[in-house]
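Peer 1: Fold the following and give me the result.
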Amino acid sequence: NHLNFCNVHMKGKYSFQYVEDSVFDHCVFDTKDAFWHAKNVVVRNSVVQGEYLAWYCENVTFENCRIVGTQPLCYCKNLKLIGCEMAGADLCFERSEVDAVITTVPHYLHHEIAIYCLEHGMNVLVEKPAGVRAKDVMAMNKCAEEHPDVAFGIMFNQRTNKLYQKIKEIVASGELGEIRRSNWIINTWWRPDSYYQQSEWRATWGGEGGGVLVNQAPHQLDLWQWICGMPSKVVGFASYGKYHDIEVEDDVTAYVEYANGATGVFITTTGEFPGTNRLEISGDRGKMIVEDGKIKLWELEIPEREFCFSTNQGFSSPPCHYREITDENPGTAHNGILQNFTNAILHSETLLAPGEEGINGLTISNAVYLSSWLDAPVTLPIDKELYFEKLKEKIATSRAKEPMVSEISDLQGTYQTRWDVKF
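Peer 2: As a prediction, the model looks like this:
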């Protein structure tokens, strides 16, 4: 016990079994069955390779480690993994006391990890997007339905914004009447080219599965459908590598139609600066504009349709009242979703962003892609197999790239606030 290893390279079997109160730093261990029954141990900045790592351990922390091998970390208690990479780690965490998992991994892995967690009784918070293909996300949702006792959320952090919550409340109350039109221009997601070159998977069909539609815009696509509902038809126009040296889209305009005849337009890009974040919703009883951190609301005394066919004055207009709504609290963003997710586990609090709802915004983005590829309108639900076939064609031509830098070196400036609502 009470070992302190630094810069040690060891190869063998059954190393450090029953070790207690010890620290290992900058080590490389290639050893089967290492750290069995270990207790109160910290392993930092190390590579640990071998089968059946750290079974039956208690109060063990792996920080900034690479863990390689089959079936690691089983039957563990109070296990912590911080900034770790796991490779070939099939059947990990079997019968370990893992309360929750957050899938901060490339998009194609979101549904696979979530399904594994749900099937093994682990609460899971999926990063956006819920996945790349609607078909995969539907399988994830089906698994969640089969495990209702497990919390399943998604990181739609902008649902915590009080203004968007108020907008949803106004629309749902019928205050605007039947929705006629919605327009959202959201181009405050500007990114320099260096952002896309920081990792080999970013902005590639094979690694990320798309560009602005699956990286930045899922937040607004989710809010759009959360507030206005799902469209029935989509026409998508996407430009690929228009502003950056990338193979995926960085400029998108989508036109949609709804079952009641309403229409909508969604515009987003990462290639314009300064940008605009403006949502406008029109109904037969008024109009609402959300911009610059406030809601501008026009309310009609008489529904537009009723006034249109009842007035005999050719240039008259319905009586209208204007008011503004502001909220000094912009919302709690990621922390709010994490707290809500934790409260759901501990106290059965209702999830603000249930994981099952991740399919909605993804379905819209899948439809925009498919419409763009086919140069034709797409009705919902989309042909999932056709979408996958077209996506595979893109993946087949996806080019590998070397990352320009291995990590983001400067965490100051705008990095920490890049998810804030930029009105």
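
Peer 1: Going by C-alpha atoms from here, please, whenever you check contacts or count neighbours.
Peer 2: Noted.

Peer 1: Is F29 in a helix, a strand, or coil?
Peer 2: strand (DSSP: H, G, I helix; E, B strand; the rest coil).

Peer 1: surely it meets V48?
Peer 2: Yes. At 4.8 Å, F29 counts as touching V48 under the criterion of Cα atoms under 8 Å.

Peer 1: what about these two, which has more around it?
Peer 2: V48 (23 against 20; other Cα atoms under 10 Å).

Peer 1: tell me what the helix or strand of the chain with the lowest mean pLDDT is packed against?
Peer 2: Every helix and strand in the chain was compared by mean pLDDT, DSSP states H and E; the lowest is strand 85-87, with a mean of 84. Packing partners of strand 85-87 (3 or more Cα pairs under 8 Å, 6 or more residues apart in numbering; DSSP states H and E): strand 66-68.

Peer 1: Can you name the element that comes right after the strand it packs on?
Peer 2: As assigned by DSSP states H and E, the chain's next helix or strand after strand 66-68 is strand 80-82.

Peer 1: partner strands of that following strand, parallel or antiparallel?
Peer 2: Strand 80-82 pairs in its sheet with strand 58-63 (parallel), by DSSP bridges.

Peer 1: so how far is the partner strand off the chain centroid?
Peer 2: 28 Å (Cα atoms, centre = their mean, to the nearest Å).

Peer 1: And for stretch 126-146?
Peer 2: For stretch 126-146 - counting by Cα atoms, centre = their mean - the centre lies 12 Å from the chain centre.

Peer 1: Residues contacting that stretch, please?
Peer 2: Where contact means Cα atoms under 8 Å, 6 or more residues apart in numbering, the residues beyond stretch 126-146 that reach it are 102-104, 107-112, 114-115, 118-119, 150, 152-156, 208-209, 214-215, 218-219, 355-356, 358-359, 362-363, 366, 384, 388.

Peer 1: Name the nearest residue to G121, ignoring sequence neighbours.
Peer 2: Of all residues not flanking G121 in the chain, V150 sits nearest, at 6.2 Å (Cα to Cα, 6 or more residues apart in numbering).

Peer 1: for that neighbour, what are its contacts?
Peer 2: V150 sits in contact with 118, 121-124, 144, 345, where contact means Cα under 8 Å, 6+ apart.

Peer 1: quick check, nearest of the residues you listed to G264?
Peer 2: Checking the contacts of V150 against G264 with Cα to Cα, the nearest one is A144 at 31.3 Å.

Peer 1: Quick check: the closest one is in a helix.
Peer 2: Yes. A144 forms part of a helix when assessed by three-state DSSP.

Peer 1: quick one: it and N340, what's the gap?
Peer 2: 18 Å (Cα to Cα, to the nearest Å).

Peer 1: OK, contacts around F24?
Peer 2: Applying Cα under 8 Å, 6+ apart, the residues near F24 are 3-6, 42-44, 46.

Peer 1: Show me just the buried residues among those.
Peer 2: 42-44, 46 (16 or more other Cα atoms under 10 Å).

Peer 1: Need those residues in a markdown table (columns: pLDDT and secondary structure).
Peer 2: Formatted as a markdown table, the buried ones among the contacts of F24 follow (pLDDT from 0 to 100; DSSP: H, G, I helix; E, B strand; the rest coil):
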| residue | pLDDT | secondary structure |
| --- | --- | --- |
| V42 | 97 | strand |
| V43 | 96 | strand |
| R44 | 95 | strand |
| S46 | 95 | coil |
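
Peer 1: nearest spatial neighbour of L109, skipping sequence neighbours?
Peer 2: G131 (7.5 Å).

Peer 1: Which helix or which strand is home to the one you found?
Peer 2: G131 belongs to no helix or strand, assigned by DSSP H and E.

Peer 1: And for it, the neighbour number?
Peer 2: Residues near G131, counting by other Cα under 10 Å: 26.

Peer 1: And it, how close does it get to S365?
Peer 2: Counting by Cα to Cα, the gap from G131 to S365 is 11 Å.

Peer 1: any idea how far the closest residue to K80 other than its chain neighbours lies from R95?
Peer 2: The spatial neighbour of K80 that comes closest, neighbours along the chain excluded (Cα to Cα, 6+ apart), is T61 at 4.6 Å. Using Cα to Cα, T61 is found at 17 Å from R95.

Peer 1: More neighbours: these two, which one.
Peer 2: Neighbours per residue (other Cα under 10 Å) separate T61 from R95, with T61 holding more: 20 against 15.

Peer 1: Wait, the more buried one touches G83, no?
Peer 2: No. Counting by Cα under 8 Å, T61 stays clear of G83, with 10.8 Å between them.

Peer 1: quick one on the thing from earlier: return a PyMOL selection command for the buried portion of the contacts of stretch 126-146.
Peer 2: Filtering the contacts of stretch 126-146 down to the buried ones (16+ other Cα under 10 Å) takes a single PyMOL command:
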select buried, resi 102+103+107+108+110+111+112+114+115+118+150+152+153+154+155+156+208+209+214+215+218+219+355+356+358+359+362+363+366+384+388
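
Peer 1: what about stretch 221-234, average pLDDT?
Peer 2: Per-residue pLDDT values across stretch 221-234 average out to 98.

Peer 1: can you tell me the distance between the two ends of it?
Peer 2: Terminal-residue distance, stretch 221-234 (Cα to Cα): 13 Å.

Peer 1: How far does that stretch sit from its chain's centre?
Peer 2: 16 Å.

Peer 1: So which residues of the stretch 201-350 of the chain form strands?
Peer 2: Along the stretch 201-350 of the chain, the segments classed as strands by DSSP state E, counting those that start in this stretch run 233-240, 249-257, 263-269, 277-283, 286-291, 294-300, 320-326.

Peer 1: Which among those strands is found nearest to D21?
Peer 2: strand 249-257 (50.8 Å).

Peer 1: hmm, who's touching the closest one?
Peer 2: 210-213, 231-244, 263-271, 368.
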